[in-house]
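Student: Just to be clear, the model below is a prediction. Sequence and coordinates:
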Amino acid sequence: MSPGARPLRRAFFARPSTEVAPQLLNKVLVCGRRAVRIVEVEAYEGERDPASHAYRGPTARNATMFGPPARLYVYFTYGMHWCANVVCGETGEATAVLLRAGAPLRGVGAMRADRPGARRDRDLCSGPAKLCQALGIDRARDGANLLSGDRGVRLLDDGTPPPRRPGRSARVGLRVAIDRPWRWYVDGDPNVSADPRPLPTADMT
DNA sequence: ACCGGGATGTTCT
DNA sequence: GAACATCCCGGTG
């Protein structure tokens, strides 16, 4: 990460998650002494998206999603995994971007220690729950402000632009709203989670 | 390489 | 009681 890395502005996040998500590619997520470059994301569009945790309105779990933008929304799933989102839109809109994979940049030794099963470094952050485990993210960081570095978590722009033509596909692991093409990734990056699920091509011959 | 199943507990019906 | 924005391991080819 270059020394000129700077925090993003609030306005960057105060838009629908489908606009923010591809722009989040190649940004840097810092957590304590560890950092990754974001290489895979998915958008979840609040109360109008059947796959979103916000679909059925506010609950205790999704409270952070309904709050102000530029916060980290962390949730627990499958009885053992944490996953992290970036809250977008204005307060009350509950639109968010799931962080699905990252390229390790800093603190790789600590990541390996927290992910003893990872054989290669490309297995450290190649999935939403792996990413959280590698960075040490759990409930304690839910709601953290990504602009101020609250609780050691921060989102930075180190000058690397998002890909001009990112990979795009349907979202992964859903049973509902599986048609929406709201997953973006850095094409060819080895840290992208394996399941590529390319969009069905329009060509039916 | 690819596929199938089990782990594990919170959240909501 | 079911579903779950997942991961890992052990089978087979």
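Tutor: On my side now, so go ahead. Numbering: from 1, shown residues only, chains lettered A, B, ... in the order given.
Student: what's the distance between residue A:99 and residue A:83?
Tutor: Distance of residue A:99 to residue A:83, computed by Cβ to Cβ, to the nearest Å: 8 Å. Where you see a C-beta, it was placed from the backbone N, CA and C, and this is true even at glycine.
Student: Show the contacting residues for residue A:16.
Tutor: Contacts of residue A:16 were listed using Cβ atoms under 8 Å, 6 or more residues apart in numbering, and they are A:43, A:45, A:88, A:89, A:95.
Student: pLDDT value on it, please?
Tutor: With respect to pLDDT, residue A:16 scores 98.
Student: need the residues of chain A near DNA strand C, please.
Tutor: With Cβ under 7 Å from any atom of the strand as the criterion, chain A meets DNA strand C at residues A:42, A:44, A:51-54, A:65, A:77-81, A:83, A:85, A:96, A:98, A:115, A:117-118, A:123, A:127-131, A:171-176, A:193.
Student: Geometric centre of chain A: which residue is closest?
Tutor: Nearest residue to the geometric centre of chain A (Cα atoms, centre = their mean): residue A:99, 1.3 Å.
Student: And the buried ones among the residues of chain A next to DNA strand C, selectable in ChimeraX?
Tutor: Buried subset of these, written as a ChimeraX selection, criterion 16 or more other Cβ atoms under 10 Å:
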select /A:42,44,51,52,53,54,65,83,85,96,98,115,118,123,127,128,129,130,131,171,172,193
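Student: these two touch, right, residue A:39 and residue A:99?
Tutor: No: Residue A:39 is beyond contact range of residue A:99, at 9.6 Å (criterion: Cβ atoms under 8 Å).
Student: re the thing from before, now the common contact residues for residue A:99 and residue A:83.
Tutor: Counting by Cβ under 8 Å, 6+ apart, the residues touching both residue A:99 and residue A:83 are residue A:128.
Student: What segments of chain A are helices?
Tutor: A:10-13, A:17-24, A:108-114, A:128-135 (DSSP state H).
Student: related to what we said a few turns ago, my guess is the residue nearest to the centre of chain A meets residue A:31, correct?
Tutor: No: counting by Cβ under 8 Å, residue A:99 does not reach residue A:31; the two are 10.9 Å apart.
Student: excluding its backbone neighbours, what's nearest residue A:177?
Tutor: Nearest residue to residue A:177, sequence neighbours excluded (Cβ to Cβ, 6 or more residues apart in numbering): residue A:51, at 4.2 Å.
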